[in-house]
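> Task: produce atomic coordinates for the following.
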Amino acid sequence: MGQELQAIIRDEIADAGGVIPFVRFMELALYHPGYGYYMTDKPKVGKQGDFYTSPSVHPVFAETVADAVVDMLDHCSFERPVLVEAGAGPGSLLAAMLEEIRQKAPQWFELLQVVLIETSEYHRDLQRSALASFDGEKRWYPSVEAAAKHEAVTGVILSNEWFDALPVHLLDKQQHGWREVGVAWDPIGGRFVERYLPELTSMAEVYLSEKQPDLPNGARIEANPLAREVVEALSRMLVKGYVITIDYGDTDEGLYHPSRRDGTVMCYYRHRAHDNPLIHVGEQDITAHVNYSDLIRWGEAAGLLPVTLTSQEQFLLGSGILEKLMDHMDRDPFTSPAMRRNRAIQQLVSPGGMGGVFRVLVQRKDLSESIPLRFLAQRGSLPFEPNS
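Residues are numbered from 1 along each chain as shown. From the prediction side, this is the model:
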């Protein structure tokens, strides 16, 4: 399938005069209807895939996120709560969350409706299987824009490692201004290569007109105007409730640090991480760190007010993950469920690993009072003043 997609991209490059924006290349590599990475019928997550996610480490992650959602539902007392997951992948996170809600808060479980936003038919099939035992109402949409046209949600919208897979513009700071990175085909080397576009795309121009990062020449950043459209659609869909975003990322301060002068694009192929998105086309994941400063700014403009931005470590600790540690007398780490669970908790909250790499942004809409959630009391929130 990689050869077929490569030929499709080469033809588009030729039709465009020799170069296409990197954002278009990334879109085709990940989301081409027939051959894009996320659209193909092969595992992406876990041992048989290309990478691990927090939900794939152990169901205790889903249980803890579900506990936070129950706190939100208890606080707001929604009459007909809706739980939305965007980019649910195989559906394992949502399935485990629903089971935790069923056990911990059956009064909410009986009322709960589920909405899934998923582009890939392959993943929609996996989600249907994962949620087969949930008898409540379930609805699927291929995009957040489609969901926003039909849904008026009171409840919680969740995404885990979804924003980082949205196609991005690559922008390089040069002596005479910003240049946008494109992709061309090198027929001699038989490979895709970087080339600058003759001029900035309109979306990149708008992005840079709204913020001018003070960076030295030679620095590269990612711009994700598509994320703005997603945030605005999420706000249109949400009448009242919360948005929880869990993902790789940082604020402007972290993303524009000298240590990241080459940008944050990363690729995952058979559990090997590297920084070349122009190889293994259609066969590897391509990601870029989420700019949480942008998500907060765009969210506030759309009516989503920030509650907290913190590390996954602090979010999970505040949501009670340490209460899920299990006492045991087991000695064999390979057969002991308690030992596996406890190791997973350590992995999920490790500040040098998943606990520190991932950020959690919680936003609210039409909730004027302060939010008495346990995780808000934790140290480690990243710098901004929550609205009360």
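> Low-confidence stretches in the stretch 1-150 of the chain?
Residue ranges of the stretch 1-150 of the chain with pLDDT under 70: 1, 44, 46-51.
> where along it do the helices fall?
Using DSSP state H, counting those that start in this stretch, the helices of the stretch 1-150 of the chain run over 2-15, 22-31, 54-57, 60-76, 92-104, 106-109, 121-130, 144-150.
> For Gln312, which residues are in contact?
Ser54, Ile246, Leu348, Val349, Met354, Gly355, Gly356, Val357, Phe358, Arg359, Val360 (CB atoms under 8 Å, 6 or more residues apart in numbering). The way it works is simple: take the backbone N, C-alpha and C, and place the C-beta from them, glycine included.
> Of those, which belong to strands?
Among these, the ones falling in strands (DSSP state E) are Ile246, Phe358, Arg359, Val360.
> and the gap between the third one and Gln3?
Okay, so that is Arg359. Per CB to CB, to the nearest Å, Arg359 is found 37 Å from Gln3.
> Looking at the two, which one has more neighbours?
Legend: neighbour count by other CB atoms under 10 Å for Arg359 and Gln3, higher for Arg359 (24 against 10).
> what about that one, distance to Tyr52?
Using CB to CB, Arg359 is found at 18 Å from Tyr52.
> Quick one: neighbours of the residue nearest to Ile286 when sequence neighbours are not counted, just the number.
Setting aside the residues directly before and after it, Ile286 is nearest to Pro277 in space (CB to CB, 6 or more residues apart in numbering), at 4.7 Å. For Pro277, the count of nearby residues is 24 (other CB under 10 Å).
> closest to Ser129 among the ones in strands among the contacts of Gln312?
For these, the residue nearest Ser129 by CB to CB is Ile246; the value is 23.3 Å.
> so what's the closest one bridging to?
Going by DSSP bridges, Ile246 is paired in beta bridges with Asn160, Val360.
> quick one: contacts for Thr201?
Counting by CB under 8 Å, 6+ apart, Thr201 makes contact with Pro21, Val23, His169, Glu180.
> isn't Gly136 right next to Trp108, touching?
No: if you go by CB atoms under 8 Å, Gly136 and Trp108 don't touch, sitting 10.5 Å apart.
> how close does the closest residue to Gln175 other than its chain neighbours get to Gly36?
Spatial nearest neighbour of Gln175, chain neighbours left out: Asn217 (5.3 Å); criterion: CB to CB, 6+ apart. Using CB to CB, Asn217 is found at 34 Å from Gly36.
> Give me the more crowded residue out of these two.
Taking other CB under 10 Å, Asn217 and Gly36 do not tie; Gly36 has more neighbours (20 against 9).
> which residues touch the more buried one?
Leu5, Leu28, Ala29, Leu30, Gly282.
> List the residues that contact Leu305.
Contact analysis of Leu305 by CB under 8 Å, 6+ apart lists Gly299, Gln363, Arg364, Lys365, Asn387.
> Give me the buried positions along stretch 222-234.
Applying a neighbour-count criterion of 16 or more other CB atoms under 10 Å, one finds Glu222, Ala223, Asn224, Pro225, Leu226, Ala227, Arg228, Val230, Val231, Glu232, Ala233, Leu234 buried in stretch 222-234.
> should've said stretch 246-259
Of the residues in stretch 246-259, Ile246, Asp247, Tyr248, Gly249, Asp250, Thr251, Asp252, Gly254, Leu255, Tyr256 count as buried by neighbour count, 16+ other CB under 10 Å.
> Check stretch 78-88 too.
Quick answer for stretch 78-88 (16+ other CB under 10 Å): Phe78, Pro81, Val82, Leu83, Val84, Glu85, Ala86, Gly87, Ala88.
> What of stretch 288-306?
288-299, 302, 304-306.
> Now do it, average pLDDT.
Averaged across stretch 288-306, pLDDT comes to 97.
> For that stretch, measure first residue to last.
The first residue of stretch 288-306 is 22 Å away from its last residue (CA to CA, to the nearest Å).
> same question, stretch 32-40
Here the two ends of stretch 32-40 are set 9 Å apart, with distance taken as CA to CA.
> Buried residues, it. List them.
Buried-residue list, stretch 32-40, by 16+ other CB under 10 Å: His32, Tyr35, Gly36, Tyr37, Tyr38, Met39, Thr40.
> Just the ones of those in strands?
Among the buried residues of stretch 32-40, no member lies in strands (by DSSP E).
> of all those residues, which two lie farthest apart?
Tyr35 and Tyr38 (10.7 Å).
> follow-up on the earlier one: go through the helices of the stretch 1-150 of the chain and name the closest to Gln175.
Of all the helices of the stretch 1-150 of the chain, it is helix 22-31 that lies closest to Gln175, at 21.1 Å by CB to CB.
> now the closest one, how far from the centre of its chain.
Offset of helix 22-31 from its chain centre (CA atoms, centre = their mean, to the nearest Å): 17 Å.
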